[in-house]
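Participant: here are the coordinates; sequence isn't available:
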Ligand SMILES: Cc1ncc(COP(=O)(O)O)c(C=O)c1O
């Protein structure tokens, strides 16, 4: 049965002039829409009390379980305004399915895929005026569904009160002033995920554990950190918030296999899209030696990273303590295949080309 959502609209929405100012320069994660979605779960009542209400701070007890044991999962997705004014999301059922997988790992109850999608759609409809006009660019409304242990209890066990919420935040284009390759820092001290760990789940703890490595990257003048596998420290896993792809001279493209990485929806879409564009796509282990030797010999022609935020971003040089691998392409441009894949995806998301995969989901 579809979830019943009660809607209480705000009596103090952001006025049109201020909204126009925010949408002109939204940045990322700075501004939030007028409303938020919440639904509660308890063992006795299941999911209940679904509601949209004015966006407001939460008042939570200091003993709320999530503050202590980090039982939490989240998602990241976007709503896009198409040239005809309609609003769409990209494969939302994939985010819902990933949240289910994350929920299993974090011992949460299951939120049905259709309820997840309906919650997101309902919030976007109420706050539709916050979906920026793409105007030929890449502005969107970033959507953040998240689930947390809301029971007030300090025992270590799965929470018996769970809250699922959706908030939304207008987002500017990831790249301002042109697409520029990111420089990567290879962390040799920290790993992101081990066998049996939480690497494949989208849960706050993974991001908390990545911060010190990201700090190290910035301290070394790099943009992002690359994690290797925990067992051998040999195989490329992913960046702090993006998956990776390697483009070979013969047109093959390779992405690290899954298990301990966060399986991106952008990554999965590129597997299909690149296949259709005629590339052979391989999901397999790729070692740091293969990266270094491949770039040195020219066998690896392009490298890129992908995720909801940037869609596709070219990767430049890789550095570590005492060494580096040069950029596979020039330091100022992404390679042709990288940029072609990027354009193909962005054009589908923003409704600039036919959606032959049926990936887009109409919200309003
Ligand atoms: C660790 C990590 N890997 C990969 C991704 C890419 O996932 P997606 O393409 O679904 O945004 C993300 C992004 O959200 C991430 O946080």
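Facilitator: Alright, I've got the coordinates. Bear in mind that the values here come from a model prediction, so they are computed numbers and not experimental data.

Participant: the strands in the stretch 151-300 of the chain, which residues?
Facilitator: Secondary structure of the stretch 151-300 of the chain by DSSP state E, counting those that start in this stretch: the strands cover 162-171, 182-186, 224-228, 236-239, 243-248, 253-256, 281-284, 300-307.

Participant: and the ones you listed as JSON lines, adding mean pLDDT?
Facilitator: Shown next, in JSON lines, are the strands of the stretch 151-300 of the chain (pLDDT from 0 to 100):
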{"stretch": "strand 162-171", "mean pLDDT": "98"}
{"stretch": "strand 182-186", "mean pLDDT": "96"}
{"stretch": "strand 224-228", "mean pLDDT": "96"}
{"stretch": "strand 236-239", "mean pLDDT": "96"}
{"stretch": "strand 243-248", "mean pLDDT": "98"}
{"stretch": "strand 253-256", "mean pLDDT": "98"}
{"stretch": "strand 281-284", "mean pLDDT": "97"}
{"stretch": "strand 300-307", "mean pLDDT": "97"}
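
Participant: the closest residue to the ligand within the chain: neighbour count?
Facilitator: Closest residue of the chain to the ligand, Cβ to the nearest ligand atom: residue 264 (2.8 Å). (C-beta placed from N, C-alpha, C; glycine too.) Residues near residue 264, counting by other Cβ atoms under 10 Å, number 24.

Participant: do the same with residue 4
Facilitator: When neighbours are defined as other Cβ under 10 Å, residue 4 has 9 of them.

Participant: just the element for it, please.
Facilitator: Using DSSP states H and E, residue 4 falls within no helix or strand.

Participant: on the pLDDT front, check it for me.
Facilitator: As predicted, residue 4 sits at a pLDDT of 96.

Participant: quick one: it and residue 50 touch, right?
Facilitator: Yes - counting by Cβ atoms under 8 Å, residue 50 is a contact partner of residue 4 at 6.3 Å.

Participant: helix/strand/coil for residue 88?
Facilitator: strand (DSSP: H, G, I helix; E, B strand; the rest coil).

Participant: so it bridges to which residues?
Facilitator: Bridge pairing for residue 88 (DSSP bridges) gives the partners residue 80, residue 362.

Participant: which residues touch it?
Facilitator: Contact analysis of residue 88 by Cβ atoms under 8 Å, 6 or more residues apart in numbering lists 79-80, 82, 349, 351, 360-363.

Participant: let's see 10 Å
Facilitator: Residue 88 sits next to 78-82, 124, 131, 348-351, 355, 359-364 when contact means Cβ atoms under 10 Å, 6 or more residues apart in numbering.

Participant: for the ligand, what are the nearby residues on the stretch 251-364 of the chain?
Facilitator: By Cβ under 6 Å from any ligand atom, the residues of the stretch 251-364 of the chain that approach the ligand are 262, 264-267, 307-308.

Participant: for the stretch 251-364 of the chain, give me the ranges with low pLDDT.
Facilitator: Flagging of the stretch 251-364 of the chain using pLDDT under 70 yields the residue ranges 331.

Participant: show me where it has helices.
Facilitator: Along the stretch 251-364 of the chain, the segments classed as helices by DSSP state H, counting those that start in this stretch run 265-276, 288-297, 336-349.

Participant: could you do the stretch 1-150 of the chain as well?
Facilitator: Along the stretch 1-150 of the chain, counting by DSSP H, counting those that start in this stretch, helices occupy 16-24, 66-69, 92-105, 113-126.

Participant: pick the most deeply packed of these.
Facilitator: helix 113-126 (a mean of 21; mean count of other Cβ atoms under 10 Å).

Participant: off-centre distance for it?
Facilitator: In terms of Cα atoms, centre = their mean, to the nearest Å, the centre of helix 113-126 is found 18 Å from the chain centre.

Participant: longest helix of the chain?
Facilitator: helix 204-219 (DSSP state H).

Participant: so what touches it?
Facilitator: So helix 204-219 is contacted by 66, 69-74, 102, 106, 146, 148, 182-193, 197-200, 222-227, 239-241, 262, 319, 321 (Cβ under 10 Å, 6+ apart).

Participant: per-residue confidence averaged over that helix?
Facilitator: So the average pLDDT for helix 204-219 ends up being 96.

Participant: so that helix versus strand 182-186, what angle?
Facilitator: 110 degrees (axes from the mean of the first three to the mean of the last three Cα atoms, to 10 degrees).

Participant: may I see the buried residues of helix 204-219?
Facilitator: For helix 204-219, a neighbour-count test (16 or more other Cβ atoms under 10 Å) marks 204-206, 209-210, 213-214, 216-217 as buried.
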